[in-house]
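Novice: sharing a sequence plus its predicted fold:
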Amino acid sequence: MTDTTRLGLPLMDAAQAQKHVTHNDALVRLDALTHLSVITRASSPASAPAEGARYLVLKTATGGFAGHGDEIAVVQDGAWVFVKPRTGWRVFVEDEFSLLAHDGAGWREIASGKVAPDQFARLGVGTASDAGNPLSAKLNNALFASLNAAEGGTGDLRFKLNKEASGRSVSQLYQSNWSGRAETGLMGDDFYRIKVSADGAAWTTALAVDPATGNVGVGASAPVSKLDVAGAISVNGKQAVNGPAFSAYVSNAQVVGAGVFTKVMFRTKEFDTANCFDSTGTGRFKPNVAGYYQVNAALKQVAPSGGQWAALLYKNGAAIKGGTDLSLPGAGNGQGVLSALVYLNGATDYIELFAISDVGSMVAASMAGSFFQAVMARGA
């Protein structure tokens, strides 16, 4: 006895006994497979299935369905009968209201009759979704376009990403070979941040925006001003601001011998942003960033008795700029001042301040009258 090619219905042989049994079995199978419809997809048999009930066996079949993945299971005479599908067979899954077709390797959905589907537990586009990524897509391009006014929309398009509370995170993570390289969003608080990483493990905040003040931090996680930059700023590759700066003054009067170029020691600092001014030893300003530095200085003379009084700027041990050169006719207060723009290489260059008096005098201890200052005006 052989079966039909398409539906596998049993054929009767010539002079076959009990032909009605074969005939009835073919009719039962024909009844089961014509307008094929199954109750649901199942991995194991139902506990009390009704006669004629049909199921689509899942690939992960177990128990009484084991070994019959993708087959049609039919209750016939109280027992399970399994029919292997062929390419092109179609089946309607009743509880899903969907139509499947067999492509020779497995079942594929070809149509869904669900009314206005608005909720999916998982969805994969071009790839399989999983519990950790219930919405997954694998593609090269994606397009989101606004619904225009002529089509009944507003012409606007806005993406909304929401988190449960401030301490949670809502962000977009950019990866390279599945390792994080950049992340933007609200991570752990309500500051808008852009973070970057070279290895996916250590992260640096490149930009932060305070939602309460609008303050923007570049390299600063909690900006305290409208623009708070943690580090140097360069313009066209040249450092513009945030270079070293200092201000110091004479706190103990210092003798200047007659006709002797005398280095003045400024022992008290008002500030020294990069710790580049040596107030306790050499009295030198040796910046650690190359650039052009604006230098300001003044030397107040104690009880002058006439003669010359001047301040001079030394670079690397040699005089390069002179301040006002006072010629005092007699007793009275005198103050020599100096202003200069000097290039310093950020490595070996240093500057010092010297005083000269042809008759001998003293530099006054005075915050206002005897000071030495420098600030980087622009990078090298």
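Specialist: Looks like it arrived, so ask away. Numbering: from 1, shown residues only.
Novice: show me where this protein has its helices.
Specialist: Listed in chain order, the helices of the chain (DSSP state H) span 19-33.
Novice: shaky segments in it?
Specialist: Within the chain, the stretches with pLDDT under 70 are 1, 3-35, 113-119, 239-241, 303-306, 328-333.
Novice: repeat the analysis, applying 50 as the threshold.
Specialist: 5, 20, 116 (pLDDT under 50).
Novice: can you pull up the most central residue in it?
Specialist: Compute the mean C-alpha point of the chain, and by CA atoms, centre = their mean the closest residue is Glu183, 2.2 Å away.
Novice: distance of it relative to Met376?
Specialist: 34 Å (CB to CB, to the nearest Å). Heads up, the C-betas are built off the backbone N, CA and C, glycines and all.
Novice: ok, the residue nearest to the centre of the chain - contacts?
Specialist: Ser171, Gln172, Leu173, Tyr174, Arg193, Ile194, Lys195, Val196, Ser197, Trp203 (CB atoms under 8 Å, 6 or more residues apart in numbering).
Novice: run the last query once more with 6 Å
Specialist: Glu183 makes contacts with Ser171, Leu173, Lys195, as judged by CB atoms under 6 Å, 6 or more residues apart in numbering.
Novice: just the buried ones among those residues, please.
Specialist: Buried by 16 or more other CB atoms under 10 Å: Ser171, Lys195, out of the contacts of Glu183.
Novice: stretch 351-360: how far from the chain's middle?
Specialist: 56 Å (CA atoms, centre = their mean, to the nearest Å).
Novice: in that stretch, what counts as buried?
Specialist: Buried, per 16+ other CB under 10 Å, within stretch 351-360: Ile351, Glu352, Leu353, Phe354, Ala355, Ile356, Ser357.
Novice: isn't the second one up against Lys315?
Specialist: No. Because the distance of 8.2 Å does not satisfy CB atoms under 6 Å, Glu352 is recorded as not touching Lys315.
Novice: sorry, back to before: kindly state the beta-bridge partners for the residue nearest to the centre of the chain.
Specialist: Leu173, Lys195 (DSSP bridges).
Novice: and the residue lying closest to Ala364 once chain neighbours are set aside, what does it touch?
Specialist: In this structure, Ala364 finds its nearest non-sequential neighbour in Lys300, 4.0 Å apart by CB to CB, 6 or more residues apart in numbering. With contact set as CB under 6 Å, 6+ apart, Lys300 has these partners: Gln335, Ala364, Ser366, Gly369, Ser370.
Novice: and the gap between Lys300 and Gly307?
Specialist: Separation of Lys300 from Gly307 (CB to CB): 16 Å.
Novice: what of Val57?
Specialist: 113 Å.
Novice: for those two, indicate the residue with more neighbours.
Specialist: Just comparing Val57 and Gly307: by other CB atoms under 10 Å the higher neighbour count belongs to Val57, 24 against 20.
Novice: thought that one was touching Phe65?
Specialist: Yes. Here Val57 reaches Phe65: they are 4.9 Å apart, a contact under CB under 6 Å.
Novice: follow-up on the earlier one: measure the residue nearest to the centre of the chain to Leu173 for me?
Specialist: Going from Glu183 to Leu173 by CB to CB gives 5 Å.
Novice: can you check which residues contact both of the two?
Specialist: With CB under 6 Å, 6+ apart, Glu183 and Leu173 have no common neighbours.
Novice: list the contacts of Phe285.
Specialist: Counting by CB under 6 Å, 6+ apart, Phe285 has contacts Phe277, Ile351, Ala374.
Novice: ok, what's across the strand from it?
Specialist: Applying DSSP bridges, one finds that Phe285 bridges with Phe277, Ile351.
Novice: quick check: it vs Gly152, distance?
Specialist: Using CB to CB, we find Phe285 at a distance of 71 Å from Gly152.
Novice: how is this protein divided into domains?
Specialist: Domain segmentation of the chain under automatic domain parsing yields 35-111, 169-230, 241-379.
Novice: give me whichever of the ones you listed is most buried.
Specialist: Mean neighbour count (mean count of other CB atoms under 10 Å) peaks for domain 241-379 among those, with a mean of 18.
Novice: and the strands in the stretch 251-380 of the chain, which stretches?
Specialist: Under the criterion DSSP state E, counting those that start in this stretch, the stretch 251-380 of the chain contains strands at 254-256, 262-263, 268-272, 291-302, 305-315, 318-331, 334-344, 351-357, 361-363, 366-379.
Novice: out of the ones you listed, which comes closest to Val91?
Specialist: strand 366-379 (73.7 Å; CB to CB).
Novice: leaving out the residues flanking it, which one is nearest to Gly334?
Specialist: Distances taken as CB to CB, 6+ apart place Gln301 nearest to Gly334, at 4.3 Å, with adjacent residues excluded.
Novice: repeat that for Leu135.
Specialist: Leu123 (5.4 Å).
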